[in-house]
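J.: Could you look at this predicted model? Sequence included:
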Amino acid sequence: MVIDRRSVLRGATAMSAAGLLPLSVQANALATPLFISSVRRGASAFGLVILNERGDILREIPLAARGHDAVVHQPTGQGVVFARRPGTFAVAFDLTDRKPPTAFQSPSDRHFYGHGVFSRDGRLLYATENDFDNARGVIGVYDVHTSFKRIGEFESHGVGPHDILLSPDGKDLVVANGGIETHPDAGRSKLNVADMRPSLVFLDRQTGDLIVRHELPRSMHKLSIRHLDMDARGTVWFGAQWEGGLDDAPSLVGTAGLEKPLSLITSLDHMGGSLQGYIGSVAMSADGRLLAASAPRAGRVLYIDTAQHAVVGETVLDDGCGVAPAYASEFAISSGNGDFVRSKPHQPATQNRHPALAFDNHMIAAHLTR
């Protein structure tokens, strides 16, 4: 008997919809990425959802409070979701659902900024944190194999470290120091807008030593560098938020490298105001050729050609913020209104909607490799 592959996939799809296949089988049978995002249900119920390529929810993990971003170590399927600032909890989960989720905490005099990254071997987790009593950014180091015991920290060499990347060779960390001082006693208030010093730094992953620190000109000190991704050539791309008046808002997307200073994308000049001074998330396409930069306050997601440094299209989506790579130059986008959209330049979007939930700021893609 000859079994046609398309028939197998149709059958797997039907079984997936009925909830009859384990998560790992669903992902591999459909040969597609999974998408992961924090969500809110109603006013006070929070969770993390894992979705398939159509935006159907495969699994939901309850969270004690609002989550922010998640990170997955692809080879092992180990994931972690972080609390939104100034939260102190993180939850480790297994993408294959073979182990129950477990929570761990930052120290009492630190809080998470919502982002982290694994070492290449998956043994260590690095999390952006706030030493709030000393207005000092730190990178917390957690041992994955001892239930995420915190084994140390090192300076972020700036204030308000937000997003963090691992270099392609696994030796360095790239940190977006937003420059904004906060303290839990002041809630989410920004305490130093007048003298912010945002920066993008490269650190030695093993020692924490500063390799290079890139800063913007003083005239742009209110441009907080927030979110990061990397293209196929190893160039770091960042999205920023402007803490000044919208009439003065500069470009909100730029690039940097180990030996390349910060550079804003000139094709985005005068667009900072029209984007309401805020980039909520950035993500590189699976082929490394396009950057998606979401501007949720403006209801727009821009697509930027990383070779031309030019905007080549956009998707209009109210409160669209989470962006993650799907296939080639296609992206998945989520919104605070419960929308899940798959789109790319010059192609109509396909959409699913979950009216009972609101997606949080970030969404990531993950592929099971075992």
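T.: Alright, I've got the coordinates. Numbers count the residues shown, from 1 in each chain.

J.: right, and Gly160 touches Val175 too?
T.: No - checked against Cβ atoms under 8 Å, the pair Gly160 and Val175 is beyond contact range at 10.3 Å. Bear in mind the C-beta positions are built from the backbone N, C-alpha and C, glycine included.

J.: okay, and the common contacts of those two?
T.: Shared contacts of Gly160 and Val175 (Cβ atoms under 8 Å, 6 or more residues apart in numbering): Gly137.

J.: Show me where the protein dips below the pLDDT cut-off.
T.: 1-31, 368-370 (pLDDT under 70).

J.: Where do the helices of it begin and end?
T.: Using DSSP state H, the helices of the chain run over 5-17, 23-30.

J.: Asp131 and Ala293: what is the separation?
T.: Distance of Asp131 to Ala293, computed by Cβ to Cβ, to the nearest Å: 30 Å.

J.: Likewise for Ser199?
T.: Distance from Ser199 to Ala293, by Cβ to Cβ: 20 Å.

J.: Those two - which one has more neighbours?
T.: Comparing Ser199 with Ala293 by other Cβ atoms under 10 Å, the one with more neighbours is Ala293, at 28 against 24.

J.: Who are the packing partners of the longest strand belonging to the chain?
T.: Among the segments of the chain that qualify as a strand by DSSP state E, the longest is strand 357-366. For strand 357-366, the elements it packs on are strand 34-41, strand 67-73, strand 281-284, strand 320-325, strand 331-335, judged by 3 or more Cβ pairs under 8 Å, 6 or more residues apart in numbering; DSSP states H and E.

J.: try 6 Å this time
T.: Packing contacts for strand 357-366, counted by 3 or more Cβ pairs under 6 Å, 6 or more residues apart in numbering; DSSP states H and E, involve strand 34-41, strand 67-73, strand 320-325.

J.: what's in contact with that strand?
T.: 33-41, 69-70, 72, 280-281, 321-322, 324-325, 334, 336, 338 (Cβ atoms under 6 Å, 6 or more residues apart in numbering).

J.: wait, what's in contact with Arg40?
T.: Arg40 neighbours (Cβ under 6 Å, 6+ apart): 46, 358.

J.: Show me what it is bridged to.
T.: Note on Arg40: beta-bridge partners by DSSP bridges are Phe46, Ala358.

J.: For His354, see how far away it is.
T.: With Cβ to Cβ as the criterion, Arg40 and His354 are 11 Å apart.

J.: Lys222 against Gly244, yeah?
T.: Yes - assessed by Cβ atoms under 6 Å, Lys222 is found in contact with Gly244 at 4.4 Å.

J.: Distance from stretch 152-168 to the middle of the chain?
T.: Its chain's average C-alpha position is 14 Å from that of stretch 152-168, according to Cα atoms, centre = their mean, to the nearest Å.

J.: Need the residues that contact that stretch.
T.: Under Cβ under 6 Å, 6+ apart, the answer for stretch 152-168 is 113, 115, 117, 128, 137-141, 173-181, 199, 201, 208, 210, 213, 226-228, 234.

J.: For it, C-alpha coordinates in CSV please.
T.: What follows is stretch 152-168, C-alpha atoms only, in CSV (Å, rounded to 0.1, in the frame of the first residue of the first chain):
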residue,chain,number,x,y,z
GLY,A,152,26.2,34.8,39.4
GLU,A,153,25.8,38.0,37.6
PHE,A,154,27.8,40.6,35.8
GLU,A,155,27.3,44.3,34.8
SER,A,156,25.3,45.2,31.7
HIS,A,157,27.5,48.3,31.5
GLY,A,158,24.4,50.5,31.4
VAL,A,159,21.0,51.3,32.9
GLY,A,160,17.8,49.4,32.0
PRO,A,161,19.1,46.4,30.1
HIS,A,162,16.2,45.1,28.1
ASP,A,163,16.7,42.6,25.2
ILE,A,164,19.7,40.3,24.9
LEU,A,165,21.2,38.2,22.0
LEU,A,166,23.9,35.6,21.7
SER,A,167,26.5,36.1,19.0
PRO,A,168,26.6,33.5,16.2
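
J.: Which residues belonging to that stretch are considered buried?
T.: 153-167 (16 or more other Cβ atoms under 10 Å).

J.: Find the nearest non-adjacent residue to Val138, please.
T.: Leaving aside its sequence neighbours, Val138 sits nearest to Glu153 (Cβ to Cβ, 6 or more residues apart in numbering; 4.6 Å).

J.: ok, the one you found to Ala127 distance?
T.: Computed as Cβ to Cβ, the Glu153 to Ala127 distance reads 9 Å.
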